[in-house]
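J.: what's the 3D shape of this:
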Amino acid sequence: MSEIAATPTTFPPIDRGYKQAESEQPKKRRSKNKKLPKIEHYKTFKPPERDYRDTELEKFSTFISSYTEERRIETLAKPKRVPSEFQDDRRSVYWIESNPPTPGPNGVTVIVATKRVSELAQHRIPHQYKADRPSPIWPVKQTAIEQEASERIHQLSMHKNAHPQHAYDRTAYIEVSPGAKRAASTERIEMLSRPKMRQDRFGMDETEWGQYFPVSEGAKKATASGRIESLAESKRYHAMFQNEKPVQWPVDDGAMKAIASLEIQKLARPRSRTMIKDDYDPYKVPLAARRARATPRLDELCVPLPRKCRPKKAA
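T.: The predicted structure follows:
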């Protein structure tokens, strides 16, 4: 480690008065030929002792700060003042704030209402209210009796007439004319006037839509050809068709008495947790698979079918 020259350490002054006091001290002369001491290691360096005035000033500032902090803590520790308008909650619903009124000297409780309450207690005065007439018959003035109506009033008093083309409702009782009585109906009208047969409406051989289509006699006596009979036969199953296997079937004695080989037991055993590899890469191809060669049969199966091969057209 390089040598470090020991220089006198200077500390920043605290206040202005300290600078003046430092300047008043006599300065010591240093010889030019005198060499400064050398320090081999930085841990052996010790700053010179500070003046007693620095310590006193620090103690005074610490005392002032602690005094102000204590005063602030005392202020914060005081409980919050309750405002003068604060009202405490009732201890119960039945708690009364004041004593109930007591009867007066006459034995009657007298409630003194304010002026505003007395005004609100008065009933509402109706505005230009006219009551109903006591009877539908009332006396008519003589001037009203002797008054003559004008032509306009006579015109307004007339009832409204119906429209000239208005036709009143026809009465239920009508008279049949003699011509209608002597008229003769045609054959078509007689056929339409007959009621519909019940068999036609509710036939036993009707379809799902309620329609009745009787089968003709010729269709009943017809004979089907060989082609129609062959088409009418149901479609047969394939020669190698096998029905679904039942859910329950008997198990062979050989299968029940069979003993699994070691390889089957090994494959049937679930994989233990310790055999699971966290760093297993499924996309990594092993070296044995890289060096393997396909058999002639595999090469034959890999070739596409000739019927599916389509030659490319030359551009």
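J.: where does the stretch 51-200 of the chain have low pLDDT?
T.: 51-55, 57, 63-70, 198-200 (pLDDT under 70).
J.: Going along the chain, name the helices of the stretch 101-250 of the chain.
T.: Under the criterion DSSP state H, counting those that start in this stretch, the stretch 101-250 of the chain carries helices at the ranges 115-121, 142-146, 151-157, 178-182, 187-193, 198-201, 217-220, 226-232.
J.: Can you tell me which of those helices is nearest to residue 283?
T.: Residue 283 lies closest to helix 226-232 among the helices of the stretch 101-250 of the chain, at 59.5 Å (CB to CB). The way it works is simple: take the backbone N, C-alpha and C, and place the C-beta from them, glycine included.
J.: okay, the helices of the stretch 101-250 of the chain in CSV with mean neighbour count and distance to residue 93 next?
T.: Formatted as CSV, these follow (neighbours: other CB atoms under 10 Å; distance: least, CB to CB, whole Å):
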stretch, mean neighbour count, distance to residue 93
helix 115-121, 9, 25
helix 142-146, 7, 69
helix 151-157, 8, 71
helix 178-182, 7, 93
helix 187-193, 8, 89
helix 198-201, 10, 81
helix 217-220, 8, 97
helix 226-232, 9, 95
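J.: JSON lines please, covering these and showing distance to residue 258.
T.: Output for these, formatted as JSON lines (distance: least, CB to CB, whole Å):
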{"stretch": "helix 115-121", "distance to residue 258": "106"}
{"stretch": "helix 142-146", "distance to residue 258": "129"}
{"stretch": "helix 151-157", "distance to residue 258": "119"}
{"stretch": "helix 178-182", "distance to residue 258": "104"}
{"stretch": "helix 187-193", "distance to residue 258": "87"}
{"stretch": "helix 198-201", "distance to residue 258": "73"}
{"stretch": "helix 217-220", "distance to residue 258": "66"}
{"stretch": "helix 226-232", "distance to residue 258": "51"}
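J.: between these, which one is nearest to residue 82?
T.: Between the helices of the stretch 101-250 of the chain, helix 115-121 lies closest to residue 82; by CB to CB that is 32.5 Å.
J.: Return that closest one as CSV; C-alpha atoms alone will do.
T.: Output of helix 115-121 as CSV, limited to C-alpha atoms (Å, rounded to 0.1, in the frame of the first residue of the first chain):
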residue,chain,number,x,y,z
LYS,A,115,-96.7,31.4,18.2
ARG,A,116,-95.6,29.4,15.1
VAL,A,117,-97.1,26.2,16.4
SER,A,118,-100.4,28.0,17.1
GLU,A,119,-100.5,29.3,13.5
LEU,A,120,-99.8,25.9,12.1
ALA,A,121,-102.6,24.4,14.2
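J.: can you list contacts of that helix?
T.: residue 113 (CB atoms under 8 Å, 6 or more residues apart in numbering).
J.: Please repeat the previous calculation with a cut-off of 10 Å.
T.: Counting contacts by CB atoms under 10 Å, 6 or more residues apart in numbering, the residues outside helix 115-121 that touch it are 111, 113-114.
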